[in-house]
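Colleague: Return atomic coordinates for the entry below.
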Amino acid sequence: MMVEDWRVAVIVEPGLPVGELANTVAVVSIGLGAAAPALAGARLTDHAGRAFHVSANKPVPVLQAAATDLRSLLLKALPAPEGALVVPFPRFARALHFSADYEASMPERDLSSEIIDGVGLAGPTKWIRSLTGSLKLLR
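Modeller: Model (predicted):
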């Protein structure tokens, strides 16, 4: 997967409690990294020989949008361009503690009617900017 000309963005509902906000950013970021391992950094070693992995090789701005705007952004992003990634975090997923339950429930759900707490995007710069250009950084 070619990611040189890609941008990455995580967009979240800023009104979430701090713990839920952090969790949303974390799980969306893991979803992006799992779908495109090329977004992750390389394995490095410091002077003392301690090996570790770089967290990311691209900036990952965390932007904010209200839940209704997140849903609209998600629906605009889908279908994504060839190879681009969209990782939504619908609110109902917070009540599910097993990935298998989430996967099993999706065929009966319609994301256009779900509350969306976060969305991760990775793809061509022009596409990411078209979706996120007017959004503010989360502060």
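Colleague: I'd like to know the average pLDDT value across the longest helix seen in the chain.
Modeller: Longest helix in the chain, counting residues (DSSP state H): helix 18-35. For helix 18-35, mean pLDDT rounds to 96.
Colleague: what residues does that helix touch?
Modeller: 8, 10, 12-14, 16, 39-40, 56, 60, 62, 85, 87, 89, 94, 117-120, 122, 138 (Cβ atoms under 8 Å, 6 or more residues apart in numbering). Yep, even glycine has a C-beta here, placed from its N, CA and C like the rest.
Colleague: could you redo the last one with a cut-off of 7 Å?
Modeller: Here helix 18-35 makes contact (Cβ atoms under 7 Å, 6 or more residues apart in numbering) with 8, 10, 12, 16, 39-40, 60, 62, 85, 87, 89, 94, 117-120, 122.
Colleague: Where strands are concerned, which of those residues count?
Modeller: V8, V10, V12, V62, L85, V87, F89, D117, G118, V119, G120, A122 (DSSP state E).
Colleague: show me what contacts the second one?
Modeller: If I follow you right, that is V10. V25, V28, S29, V60, V62, G118, G120.
Colleague: Most neighbours of all those, which one?
Modeller: When neighbours are taken as other Cβ atoms under 10 Å, the top entry among those is G118 (30 neighbours).
Colleague: Name the SS class of the residue sitting furthest away from the middle of the chain, please.
Modeller: In the chain, the residue that sits farthest from the middle, by Cα atoms, centre = their mean, is A48; the gap is 34.2 Å. Judged by DSSP: H, G, I helix; E, B strand; the rest coil, the three-state class of A48 is coil.
Colleague: Export stretch 120-133 to PDB, keeping only CA atoms.
Modeller: Written as PDB, here are the backbone C-alpha positions of stretch 120-133 (Å, rounded to 0.1, in the frame of the first residue of the first chain):
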ATOM      1  CA  GLY A 120     -10.500   7.900  11.500                       C
ATOM      2  CA  LEU A 121      -9.500   8.700   7.900                       C
ATOM      3  CA  ALA A 122      -6.400   7.900   6.000                       C
ATOM      4  CA  GLY A 123      -6.000   8.400   2.300                       C
ATOM      5  CA  PRO A 124      -5.000  10.800  -0.500                       C
ATOM      6  CA  THR A 125      -4.300  14.300   0.800                       C
ATOM      7  CA  LYS A 126      -6.900  16.000  -1.500                       C
ATOM      8  CA  TRP A 127      -9.600  13.700  -0.200                       C
ATOM      9  CA  ILE A 128      -8.700  14.100   3.500                       C
ATOM     10  CA  ARG A 129      -8.600  17.900   3.100                       C
ATOM     11  CA  SER A 130     -12.000  17.900   1.300                       C
ATOM     12  CA  LEU A 131     -13.500  16.200   4.300                       C
ATOM     13  CA  THR A 132     -11.700  17.900   7.200                       C
ATOM     14  CA  GLY A 133     -10.400  21.200   5.900                       C
END
